[in-house]
Each structure stands twice: as C-alpha cells, then as structure tokens.
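Asker: quick one, what's the 3D model for this:
(one chain, ligands or ions: 1)
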Amino acid sequence: MSRPINFCSGPAALPLPVLERIQAELPDFQGSGVSVMEHSHRDRLIVRLFEETEAQLKTLLGVGDTYRVLFLPGGATLQFSQVPMNLLNPGDTAAYVTTGAWSQKAMKEAQKYASPVEVASAIDTNFTTMPHPDSWQIPEASKYLHICTNETIHGVEWFGSLAGVELPVVADMSSHLLSRSMPIQEFDLIYAGAQKNLGTAGVTIVLVKTELLGECQSTTPSLMDYRQQIASDSMVNTPPVYPVWVLSLVLQWLNSIGGVDAVEALNRKKAASLYQVIDDSAFYHNPVALDCRSLMNIPFVLADANLDGRFVEQSIKEGLLNLKGHRSVGGMRASIYNAITQTEVDTLIAFMREFERTAA
Ligand SMILES: Cc1ncc(COP(=O)(O)O)c(C=O)c1O
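Answerer: Numbering: from 1, shown residues only. Model (predicted):
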C-alpha cells in the first residue's frame, strides 16, 4: 500500500522504519514481556533507556560531560517559562532576538517572570531576514541571550555564528535540531520539542551546560527546576517514557543512515531542489532572503492566492498532506524534516509543476 506523504510542520512524519519497529516491538519491550508504556520508570530497563538515549544524543551532538540532557514534559512552550524561571530573578534582564512568531511567544512568556528586552527584530521585513549580530544592542546586565534558530512558521534559519556573544546563549531549536551539524558549543542551553525532527509529542529535549544553573525562582514548581530534574535524571515525577523510547528509535535510525553529516547532505539537497523549482517559476514565490532560508520549513505563495484552495485540495487527492501554510503567513508550507526523502520531495515538485502547468 502506498502511503501519503506528510509535509506537516509538527507533529511531523516519522521514518517508516521507526514506525515499523514501534509496531513490532510495542507489546514486548526488550524481551521483558510488557510494553515500554507499562514499566515502572524506576525499572532498570527504563533507567537504562534514559541513560542510553542521553548518551546517544550527546554523541550525535558532539558534546561531553559539561552538558546534561533532560527529557521533560510540556513541549517547547513550557521552556518559554522554564528558562526564565531558572535563569532569571524577578527584575533581571535577558536579551531576546526576535526572528519570527516563536521568538515573540518566548519573550512574551518570559515577561511574566522577569524583564527581558528585545535586542533585535526582523519584524520590519515580515520575518524574511535574520537580524545581524552587529545590530544587536545587548544591555550589559543581560543574563542570557535567547534566539530561535529555526522559525517553523516563517521558514527562516540561523546559519550565523554566535561565538562573539559574551553571555550564555539559549536557543529554541525545536524544528531543526539534528538536521545538520551545528556549533553546539556556542550554546549553553538548547531546547526542542521532539515531534518535528526527533520523534513524537510528549517529550522536550533540553541540553544544558550544568555550570549555567544556580537557584531558580522560589515559586518554580519542582518539575520545572532544571537542577532537580538533573539530580533525578529527568524523573522528578513519572516521565514521558513512551516518547523517549520513540526518540531513541529515531536516533538509532539516524545513526543507521550515517548520522548528522549524512542527513545534512540529504537535507541540503532536498531543500535546494525545492527552492530551485520555486525560484525558477513566476508562479511560486518564497519571500525569505537567500542567506537564511530554512532547510526544514519552506513556505511559498502562489502568484494567484485564489488558487490556494485548489492547490490544497488537489495535493491532498494526490496524497500530499498538510501543505497549507500557517494562517498568519498564508500560502503553502512544505516541512521536509529528516524523515522526508528526496523521492518524496521529487513527488511534491512534480505535483507543483503539473499544477502550475494546468492552472494557467
Ligand atoms: C520553533 C518552535 N518553538 C516552539 C514550538 C512550540 O512547541 P510545543 O507545541 O512543543 O510547545 C514550536 C511548535 O511548532 C516551534 O516550531
């Protein structure tokens, strides 16, 4: 049976071999006779699953013991609060770079717990550019700099260097962590919901340099205290075991296809082929500046917005799902995370060409 192709921005397509492993191994986790969802999280098998998944992630990201990985509930959205609650006291400031809708949400949430300042914004270009670090006005008292390095809705990605930033850097990498090799050492805290590139909703990955952490705000719930989570290996309460297992299978799959460098080569090729079709046509348009076009989320508009409905309807009929763009941007968006193959992108390209040919 041929499966439809899922271009959803998240929850997103999982690699088929991962889905097949889930199906085959679900009833009996590692020969224990019960599923991964039915084990106590204190069980040796589950403790080992968490340890191994942390080790796998650190290896793939190329970091050592100065960092810990936490597996937390609440999605990336909870990190918008958890970061300031742990790193700021009321009245403290932090520098926020606004690269799109998710950056805006992060700062708005931080305002509840401290006094963040926006040090740069690409709002003037409708979030089609990345603000250059030379223009960032960072107040001296800032405790950290926050940036969203891939804006899922606007399709802009950060390819610059943050090596010159002299304060801890916190990044929301929800929609591109492990899509390409990145200078992870430039970041002191990275967070990412798993349901785009790394697994299924329910677990958020937090990679944190332990030296960054001090006392959190006194009203912080224990569950949201990074140091308590570190001390209990992400098990302050019953953790999201099933999503961590799926994450571990996705990481194994990533290793099986050659790791981050191999997937980066595939991702660059996939994105280049799709951008090429858009740029070569007067019918499709992507507004994002060339130096910050996302490899993962590719928004595009049709020359005639009246054709949007037909494009979506026909694409669904052809088994191409979730191409409708975010309501705030309009048009279309193809999310081509690690699990999407070149062949699947080629199918989309063929559909786009045919639609253009017949719509005129
Ligand atoms: C970049 C980015 N940050 C944060 C979020 C929010 O994630 P969650 O739904 O896991 O809270 C999303 C979700 O789409 C996202 O793309």
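
Asker: need the contact list for the closest residue to residue 273 other than its chain neighbours.
Answerer: Nearest residue to residue 273 in three dimensions, chain neighbours excluded: residue 345, at 6.0 Å (C-beta to C-beta, 6 or more residues apart in numbering). Placement of C-beta: from N, CA and C, glycine included. By C-beta atoms under 8 Å, 6 or more residues apart in numbering, the contact set of residue 345 is 270, 273-274, 334, 336.

Asker: got it, and residue 305?
Answerer: 330-331.

Asker: how about the one 5 residues further on?
Answerer: Neighbour list for residue 310: residue 359 [criterion: C-beta under 8 Å, 6+ apart].

Asker: what strand or helix carries it?
Answerer: helix 308-317 (DSSP states H and E).

Asker: for the helix or strand just after that helix, packing partners?
Answerer: Using DSSP H and E, the next helix or strand after helix 308-317 towards the C-terminus is strand 320-321. Under the contact criterion of 3 or more C-beta pairs under 8 Å, 6 or more residues apart in numbering; DSSP states H and E, strand 320-321 touches strand 5-6, helix 342-359.

Asker: can you report phi and psi for residue 334?
Answerer: phi -110, psi 120 (degrees, to the nearest 10).

Asker: one step back: tell me, what's the model's pLDDT at the residue nearest to residue 273?
Answerer: The model reports residue 345 with a pLDDT of 98.

Asker: what's the answer for residue 278, then?
Answerer: Listed pLDDT for residue 278 reads 98.

Asker: residue 327 now?
Answerer: 88.

Asker: find the nearest non-adjacent residue to the closest residue to the ligand within the chain, please.
Answerer: The minimum distance from the chain to the ligand, using C-beta to the nearest ligand atom, falls at residue 75 (2.6 Å). Excluding the flanking residues, the one nearest residue 75 by C-beta to C-beta, 6+ apart is residue 193, at 4.8 Å.

Asker: could you do residue 142 as well?
Answerer: For residue 142, ignoring the flanking residues on the chain, the nearest one in space by C-beta to C-beta, 6+ apart is residue 95 at 4.3 Å.

Asker: tell me the bridge partners for the one you found.
Answerer: Note on residue 95: beta-bridge partners by DSSP bridges are residue 117, residue 145.

Asker: roughly how far apart are it and residue 162?
Answerer: Look at residue 95 and residue 162: by C-beta to C-beta, to the nearest Å, they are 12 Å apart.

Asker: joint contacts of those two?
Answerer: With C-beta under 8 Å, 6+ apart, residue 95 and residue 162 have common neighbours residue 145.

Asker: the more surrounded of those two?
Answerer: Neighbour comparison, residue 95 and residue 162: the larger count goes to residue 95, with 25 against 16 (by other C-beta atoms under 10 Å).

Asker: how about the residues of the stretch 51-200 of the chain near the ligand?
Answerer: 75-77, 102, 148, 152, 172, 174-175, 193 (C-beta under 6 Å from any ligand atom).

Asker: am I right that residue 8 is in contact with residue 335?
Answerer: Yes. In this structure, residue 8 is within contact of residue 335 by C-beta atoms under 8 Å, at 6.1 Å.

Asker: tell me which of these two has more neighbours.
Answerer: Higher neighbour count among residue 8 and residue 335: residue 335, with 24 against 17, using other C-beta under 10 Å.

Asker: quick one: pLDDT of the more buried one?
Answerer: On the pLDDT scale, residue 335 is placed at 98.

Asker: next up, the contacts around it.
Answerer: For residue 335, counting by C-beta under 8 Å, 6+ apart, the contacting residues are 7-10, 12, 152, 175, 196, 296-298, 322.

Asker: quick check: bridge partners of it?
Answerer: residue 297.

Asker: assign residue 91 to helix, strand or coil.
Answerer: For residue 91, the assignment made with DSSP: H, G, I helix; E, B strand; the rest coil gives coil.

Asker: from residue 177, how far off is it?
Answerer: Distance from residue 91 to residue 177, by C-beta to C-beta: 32 Å.

Asker: looking at those two, which one has more neighbours?
Answerer: Counted by other C-beta under 10 Å, residue 91 and residue 177 do not tie: residue 177 has more neighbours, with 27 against 8.
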